[in-house]
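1. Only the shape, not the letters, is given here:
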């Protein structure tokens, strides 16, 4: 199982920089990358949370639904922030509304996570539910480490 996880993480580390380069040129590149990332996230979560098949079947549709909602909220807030940042002379009211949207996104994200944590409690054991946030952070850290390693390697190869 450990070898499989290491293989999955290695595969992710290869796909991230390649898909990042391919996404602008290839139609649907981002969607493909997100699908692959979700698959590897499932492998990681299965191992770290020790999910049964039945739990996996019930948990992942809900978890990915939650992720989609959170992504949409943050995407909308970033879009507003970008619009105001690109304005030549935004008014104080525009700054205030964009700032409010950015901070409100965090509140809405927390509300959604809380709502889904209650749904997850019907699927996951108390221990698994407790570990979920830590596993999410571990996964993100692992992805960032792999990304930085490959980016440094890619830059090193590019400089030669």
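-> That came through fine. None of these values were measured; they are calculated from a predicted model. Residues are numbered from 1 along each chain as shown.

2. What residues of the helix or strand hosting residue 85 count as buried?
-> Using DSSP states H and E, the element containing residue 85 is helix 53-86. Within helix 53-86, the residues that count as buried by 16 or more other C-beta atoms under 10 Å are 55-56, 58-60, 63, 66-67, 69-70, 73, 77, 80, 84. Backbone N, C-alpha and C define where each C-beta goes, glycine included.

3. which one is residue 135 nearest to, not counting chain neighbours?
-> Nearest residue to residue 135, sequence neighbours excluded (C-beta to C-beta, 6 or more residues apart in numbering): residue 48, at 4.5 Å.

4. quick check: mean pLDDT across the helix or strand hosting residue 119?
-> Counting by DSSP H and E, the element that carries residue 119 is helix 92-120. For helix 92-120, mean pLDDT is 94.

5. backbone phi and psi for residue 121, please?
-> In terms of degrees, to the nearest 10, the main-chain angles of residue 121 are phi -60, psi -20.

6. Am I right that it is in contact with residue 128?
-> No: here residue 121 does not reach residue 128: they are 9.7 Å apart, not a contact under C-beta atoms under 8 Å.

7. Give me the neighbour count for the residue nearest to residue 135.
-> Counted with other C-beta atoms under 10 Å, residues neighbouring residue 48 total 17.

8. let's number from 336 now, not from 1
-> Happy to do that; since the first residue is 336 now, the last one works out to residue 383.

9. Quick check, it in contact with residue 471.
-> No: using C-beta under 8 Å, residue 383 makes no contact with residue 471, being 9.7 Å away.

10. which neighbours do the two share?
-> Common contacts of residue 383 and residue 471 (C-beta atoms under 8 Å, 6 or more residues apart in numbering): none found.

11. now for the one helix or strand residue 490 maps to, which elements pack on it?
-> Using DSSP H and E, residue 490 falls within helix 461-494. Applying 3 or more C-beta pairs under 8 Å, 6 or more residues apart in numbering; DSSP states H and E, one finds that helix 461-494 makes contact with helix 337-357, helix 364-384, helix 427-455.

12. Please work out which of those helices is packed deepest.
-> Of all the helices and strands packed on helix 461-494, helix 364-384 has the most neighbours on average by mean count of other C-beta atoms under 10 Å, namely a mean of 16.

13. now that helix, how far from the chain's geometric center?
-> On the basis of C-alpha atoms, centre = their mean, to the nearest Å, helix 364-384 sits 9 Å off its chain's mean C-alpha point.

14. report the angle between the axes of it and helix 388-421?
-> Comparing the axes of helix 364-384 and helix 388-421 via axes from the mean of the first three to the mean of the last three C-alpha atoms, to 10 degrees yields an angle of 130 degrees.
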